[in-house]
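K.L.:
Give me coordinates for this.
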Amino acid sequence: MNGLFIQSVFVNRDKFSQESYLRGIEVLENLSELRFSSSVTFFTGENGSGKSTLLEGIAVAAGFNPEGGTLNYSFSTYDSHSELCGALKLIRGISRPKWGYFLRAESFYNVATAEEEYARLGNRIPEYYHKRSHGESFLALSQKNLKPNGLYFLDEPEAALSPQRQLTVLSEICECAKSGSQFIIATHSPILTALPGAEIFSFDGGEIHSVEYEDTETYRITSLFINHREQVLRQLLKDDKHS
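P.N.:
Below is the predicted model of the structure:
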């Protein structure tokens with residue numbers, strides 16, 4: 001057994017309702033168990049491949065609020081999470097995390113609002129994320145909440161970040177991972193997935209499988225565009241002259 005907080009996750013598809021949209025996600029239909037072997041795991045794949053759905057399911061099964069936040073957050077503005085969490089069994093390690101956070105790009109506004117309410121109830125000064133730019137608030141939240149010995153679920157953390165700020169977050173993730181933290185991250189970022197020693201699972205092709213960094217679609221497409229920009233644009237926009 002390694003020192004990870006979450007060692008593996010089992011999926012019991014019998015707990016999916018017959019009308020559940022989960023039955024239409026191919027990777028979930030083909031998944032029985034997913035084992036984790038690195039302190040940082042990336043989920044990559046095309047939109048709709050199921051990576052965010054699985055990430056959310058694991059986070060909720062681990063005790064986090066579906067809309068995000070720390071383990072202490074308990075609020076709901078819109079009940080949009082799937083029934084997947086109830087069909088998952090988490091195999092945990094011996095150690096327990098001292099801190100944790102679930103970051104969802106799509107519900108960050110709601111979490112930022114809840115943070116102000118919790119701060120006032122606790123007689124402390126809020127972070128006032130709403131008074132910062134989207135990118136600045138994302139970065140500030142990361143810098144405040146990424147700590148040693150923590151368990152972190154990040155869903156598309158690059159959504160509001162410039163490439164430079166993605167490098168900053170990459171460095172913070174690396175330092176936290178070295179200090180006993182575990183990360184599971186769904187992302188399209190070729191910057192974040194470049195983290196040395198990280199485990200990368202691709203959700204493309206209907207089955208979750210381990211891939212090398214250079215074999216991810218995010219890297220291949222980004223590399224192709226940067227190195228052959230004129231050729232790619234010429235091919236992509238070739239019909240514009242006739243429009």
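K.L.:
By mean pLDDT, flag the weakest helix or strand of the chain.
P.N.:
One helix or strand of the chain scores below all others by mean pLDDT, DSSP states H and E: helix 108-121, with a mean of 63.
K.L.:
From the contact counts, what lies against whichever helix or strand comes after it?
P.N.:
Counting by DSSP states H and E, the element after helix 108-121 in chain order, helix or strand, is helix 134-145. In terms of contacts (3 or more C-beta pairs under 8 Å, 6 or more residues apart in numbering; DSSP states H and E), helix 134-145 is packed against strand 99-104, helix 108-121, helix 163-178. For the C-beta atoms, the positions are set from N, CA and C on the backbone; glycine is no exception.
K.L.:
Just the buried residues of helix 134-145, please?
P.N.:
134, 137-139, 141-142, 145 (16 or more other C-beta atoms under 10 Å).
K.L.:
And for stretch 23-36?
P.N.:
25, 27-28, 31, 34, 36.
K.L.:
quick one: low-confidence ranges for this protein?
P.N.:
Counting by pLDDT under 70, the low-confidence segments of the chain come to 1, 72-82, 105-121, 123, 125-131, 134, 239-243.
K.L.:
ranges for the helices of it?
P.N.:
Using DSSP state H, the helices found in the chain span residues 26-29, 51-61, 108-121, 134-145, 163-178, 217-227, 229-236.
K.L.:
Ser20 is nearest to which of those helices?
P.N.:
helix 26-29 (9.7 Å; C-beta to C-beta).
K.L.:
Against which helices or strands is the closest one packed?
P.N.:
helix 51-61.
K.L.:
so how far is stretch 40-47 from its chain's centroid?
P.N.:
8 Å (C-alpha atoms, centre = their mean, to the nearest Å).
K.L.:
So what touches it?
P.N.:
Identification of contacts with stretch 40-47 by C-beta atoms under 8 Å, 6 or more residues apart in numbering yields 27, 51-52, 54-55, 173-174, 177, 182-188, 192-193, 195, 197-204, 211, 216-218.
K.L.:
one step back: any chance of the helices of the chain in CSV, with distance to Pro157 too?
P.N.:
Shown next, in CSV, are the helices of the chain (distance: least, C-beta to C-beta, whole Å):
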stretch, distance to Pro157
helix 26-29, 21
helix 51-61, 11
helix 108-121, 10
helix 134-145, 7
helix 163-178, 6
helix 217-227, 14
helix 229-236, 26
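K.L.:
Out of those, which gets nearest to Ser8?
P.N.:
When the helices of the chain are compared (using C-beta to C-beta), the closest one is helix 51-61, at 10.4 Å.
K.L.:
Good, we can wrap up now.
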